[in-house]
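> Next comes the sequence, and after it the predicted model I'd like to discuss.
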Amino acid sequence: MGGAAFEPRPRFSRSRRRQGGPRDGRRSNARFWAENSRWVDRRAEPRPRIAEPRPLLALRGRCRRVTLDDKRATTQQLLRGGADIYTLNTVRKHLSAIKGGWLAARTRGACHTLVISDVVGDDVSVIASGPTVADASTFADALALLQRFGGEGAYPAAAVARLRRGVAGGVPDTPKPGDARLAASTTTVVGSRRDAMAGAAQEAASLGYHVVRIDDAVIGEARTTAVAHLRAVIARASSAGRPACIVSSGETTVHVTGHGRGGRNQEFALAAAAAGLSADHALSDNNAYAFFDALGDLIHTGPTGTNVGDLQVILLA
């Protein structure tokens with residue numbers, strides 16, 4: 001039952017204690033407890049007992065000096081600097097005792113992993129930071145990325161210290177390709193941005209739209225990529241019937257310089273629609289949310305339950 005170990009507990013009736021206890025001359029007290037100590041020792045243990053707890057203790061021990069708040073602050077700083085998912089997860093792997101192949105390396109059994117990809121290119125060593133996949137990146141790579149995106153002083157001291165210890169050889173690096181501990185680990189991508197595009201295209205067609213699907217990933221800085229993408233869309237859709245629905249996907253980034261609200265998709269949409277909307281101030285303040293909110297044009301999807309990257313849908317009448 002889920003790795004839990006159950007063992008039937010003997011029933012010690014009053015008559016049995018009298019028979020085997022010190023008042024019974026047929027069996028000595030020492031012999032009775034020697035024969036039954038395995039039951040007595042376990043009576044105080046919680047049930048069910050989780051099998052093999054030691055790897056979990058080892059994981060906690062290795063990452064005790066880098067807190068969850070440290071990891072959150074590190075991720076937030078990288079995001080604000082415009083880091084992409086490859087950069088983010090290179091650093092994350094080296095702040096974790098699970099990511100970057102460590103989960104599989106510390107598991108005695110085989111690992112069969114099913115992943116939903118939010119990474120352009122579906123690199124399984126990057127998706128979710130690859131807890132069951134070998135990692136080619138190093139502590140030196142991770143430290144260099146901190147220096148590139150804001151400098152070491154912009155990050156929690158515990159995170160920087162761990163990376164520096166890793167570079168110096170004081171912390172084992174992530175399991176590398178060819179590591180025998182990962183020989184029994186397999187990974188399969190079961191969903192990606194292409195599946196989201198296929199679903200959107202199918203729905204648009206059922207609603208009477210002429211669908212144009214752009215398979216090349218949309219990546220780069222949101223506000224600049226949006227303008228180039230819009231031009232490409234207009235060119236691709238020039239021969240399509242109307243109404244038209246152009247579907248694309250990918251994952252952009254935002255270099256945060258302002259104090260507004262709005263993620264990369266809202267900034268992408270604002271940059272694409274900026275002509276004639278006097279949106280320069282909103283863009284410079286990274287405040288796409290407030291801009292669209294004032295127009296009543298925000299789309300509130302609510303939780304989607306999964307993540308396969310960004311989906312762009314453009315409708316032409």
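Cool, the structure landed.

> which stretches of the stretch 201-317 of the chain form helices?
Using DSSP state H, counting those that start in this stretch, the helices of the stretch 201-317 of the chain run over residues 222-236, 264-272, 280-284, 288-295.

> tell me which residues of the third one are tucked away?
Put plainly, it is helix 280-284. Across helix 280-284, burial judged by 16 or more other CB atoms under 10 Å covers 282-283. In this view, the C-beta of every residue, glycine as well, is placed from N, C-alpha and C.

> Would you mind listing the outside residues contacting it?
Outside helix 280-284, the residues that touch it by CB atoms under 8 Å, 6 or more residues apart in numbering are 223, 257-258, 260, 267, 270-271, 274, 287-288, 290-291.

> which among those residues gets closest to residue 107?
residue 267 (40.5 Å; CB to CB).

> how deep is that closest one tucked in, by neighbour count?
Applying other CB atoms under 10 Å, we find 26 residues neighbouring residue 267.

> Could you do residue 231 as well?
11.

> And residue 84, by the same measure?
The burial count for residue 84: 17, using other CB under 10 Å.

> wait, what's in contact with it?
Contact partners of residue 84, counting by CB under 8 Å, 6+ apart, are 219, 251, 253.

> pLDDT score assigned to the residue nearest in space to the middle of the chain?
The residue lying closest to the centre of the chain (CA atoms, centre = their mean) is residue 128, at 3.5 Å. Looking at residue 128, its pLDDT stands at 94.

> And residue 278, by the same measure?
80.

> Now do the phi/psi pair for it.
Main-chain dihedrals, residue 278, degrees, to the nearest 10: phi 50, psi 50.

> again, but for residue 198
Dihedral angles for residue 198 - degrees, to the nearest 10 - are phi -60, psi -40.

> quick one: secondary structure of residue 122?
In three-state terms, and counting by DSSP: H, G, I helix; E, B strand; the rest coil, residue 122 is coil.

> what sits against the closest residue to it other than its chain neighbours?
Counting by CB to CB, 6 or more residues apart in numbering, residue 189 is the residue found nearest to residue 122 once chain neighbours are left out, at 5.2 Å. Neighbour list for residue 189: 115-117, 122, 124, 127 [criterion: CB under 8 Å, 6+ apart].
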